[in-house]
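Give me coordinates for this.
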Amino acid sequence: MKTTTYIIYFVLLFLGSCIKPYNLDIPSMEGLMIVDGLVTDFPGQTFVSLTRTADYTASSLNLTVQKALVTISDNLGQKTQLVEVGAGLYKPALTTWAGMAGRTYTLTVTTTDGKTYRSQPDLLSAVPPIDTLYYSYNRKATAGSDYVDKGFDVYIDTKDPATPDNYYRWSWQAFQRVLFCEIEVVRNRFSNNAETLIPHYCCTDCWDINRCYSCVTTTSDKLINGQKISRQPVLRAPFESIAPYYVEITQYSISKAAFDYWKTVKSLAQNTGGIFDSAPITLGGNVSNVNDPAERVFGFFGASGASTKAVLIDRSKTGDTPNLLPPPPPVPSMPPPCRTCVESIYRTGVKPRWWKD
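Predicted coordinates:
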């Protein structure tokens, strides 16, 4: 029983970094391109993620698109080539590179099979700063169950500018330091294939990056133009331990096209449980195959101003008992060779900006 518990724990802990942002469980859509990208006016935040949909035999997997030629160009003719920093993840080679407000940006991708994909230009608009970031702890009963959802609701306040037609989106990412970069499963064929878990320490500092791709938070200033946006909910942090929970929230000023796209994403996620679970044809994007416009391409490449703030949630002062995770398995007396912290959109060896040890 303990072995099973440990396996479940480490599958969740380690493979959580392998969860993909999109999942199409439709056999007829095997191998379609998925583009997830954003250029911002904040250094280090620009990225492009390229994957392809898998067939129904691998319904939880998207295949990364590697070794592509990825370029971002603006309306002034300036081009920036991105480099692959992880499987299917591309970023500017110059870490200080950032977009500029008032310019439009276009993504061009050429894959190793010679196909070229291009996005529609998207305008980068400046964004007002996040004024305040705060949280509150609460318990939520679950209908028809004894389970109590314990967590911390996180909110932001900001001030909308006097100009009309402003659109906002919020995203978040939480960082948790990991000790083990790989959990090796060794089977003993002489003992009914009994499994032994061997944790491999990370060779350097490493953090898991947690995100929620189906948690889409957007709004417009249609009804509140020039007023304060107060107590805007962004995420609910779990109360699974008393260890600090570090989270960064980014506020984006997005275009009308991006706003419409993310509204559709939110609608599909709420109505079907997943972005592509049902009627994915309704989810349009702004990327197409240059030589074959009829090819279905999913995702959106956008440009946005960005304002980021971080909060370290102190989970030790609730006076409540957390929903504790099971303990890790014992570490062998002689630790095996360490493993590299592989950079991706789900894991990083780069210390978060406001991280405090």
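
Could you list the low-confidence segments of the stretch 251-357 of the chain?
271-283, 325-334 (pLDDT under 70).

Where do the strands of it begin and end?
Using DSSP state E, counting those that start in this stretch, the strands of the stretch 251-357 of the chain run over residues 287-289, 297-313, 347-348.

tell me, what residue is most central in the chain?
R211 (4.3 Å; C-alpha atoms, centre = their mean).

what residues are up against it?
S171, W172, Q173, A174, I345, Y346 (C-beta atoms under 8 Å, 6 or more residues apart in numbering). In this view, the C-beta of every residue, glycine as well, is placed from N, C-alpha and C.

Let me have those in CSV, adding neighbour count and distance to D122 as columns.
Output for those, formatted as CSV (neighbours: other C-beta atoms under 10 Å; distance: C-beta to C-beta, whole Å):
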residue, neighbour count, distance to D122
S171, 20, 16
W172, 21, 22
Q173, 20, 22
A174, 21, 27
I345, 20, 20
Y346, 20, 25
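
State which helix of the protein is the longest.
helix 256-272 (DSSP state H).

list the helices and strands it packs on?
strand 167-177, strand 217-220, strand 297-313 (3 or more C-beta pairs under 8 Å, 6 or more residues apart in numbering; DSSP states H and E).

Would you tell me which one of these is buried the most?
strand 297-313 (a mean of 22; mean count of other C-beta atoms under 10 Å).

and the angle for that strand with strand 167-177?
Here the directions of strand 297-313 and strand 167-177 differ by 60 degrees (axes from the mean of the first three to the mean of the last three C-alpha atoms, to 10 degrees).

so what's E184 up against?
Counting by C-beta under 8 Å, 6+ apart, the residues that E184 touches are L197, I198, P199, H200, P336.

Show the low-confidence segments of the stretch 51-200 of the chain, by residue range.
Looking at the stretch 51-200 of the chain by pLDDT under 70, you get 54-62, 190-191.

Let's see stretch 87-106 as PDB, backbone CA atoms only.
The C-alpha coordinates for stretch 87-106 follow below in PDB (Å, rounded to 0.1, in the frame of the first residue of the first chain):
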ATOM      1  CA  ALA A  87      11.700  21.000 -26.400                       C
ATOM      2  CA  GLY A  88       9.400  23.100 -28.500                       C
ATOM      3  CA  LEU A  89      10.000  26.200 -26.400                       C
ATOM      4  CA  TYR A  90      11.500  29.300 -28.100                       C
ATOM      5  CA  LYS A  91      12.800  32.600 -26.600                       C
ATOM      6  CA  PRO A  92      14.800  35.500 -27.800                       C
ATOM      7  CA  ALA A  93      18.500  34.800 -27.600                       C
ATOM      8  CA  LEU A  94      19.100  38.200 -25.900                       C
ATOM      9  CA  THR A  95      17.400  37.900 -22.500                       C
ATOM     10  CA  THR A  96      17.000  41.700 -22.200                       C
ATOM     11  CA  TRP A  97      15.000  41.900 -25.500                       C
ATOM     12  CA  ALA A  98      11.500  43.200 -25.200                       C
ATOM     13  CA  GLY A  99       8.700  44.600 -27.400                       C
ATOM     14  CA  MET A 100       7.700  48.200 -27.500                       C
ATOM     15  CA  ALA A 101       4.300  49.800 -27.000                       C
ATOM     16  CA  GLY A 102       2.700  51.100 -30.200                       C
ATOM     17  CA  ARG A 103       4.300  48.600 -32.500                       C
ATOM     18  CA  THR A 104       2.600  45.600 -34.100                       C
ATOM     19  CA  TYR A 105       4.300  42.200 -34.000                       C
ATOM     20  CA  THR A 106       4.000  39.200 -36.300                       C
END
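
And it, what's buried?
A87, G88, L89, Y90, K91, P92, A98, G99, R103, T104, Y105, T106 (16 or more other C-beta atoms under 10 Å).

who does the helix or strand that contains the fourth one touch, helix- and strand-wise?
In the assignment (DSSP states H and E), Y90 maps to strand 89-92. With contacts defined as 3+ C-beta pairs under 8 Å, 6+ apart, the secondary structure elements packing on strand 89-92 are strand 47-53, strand 79-86.
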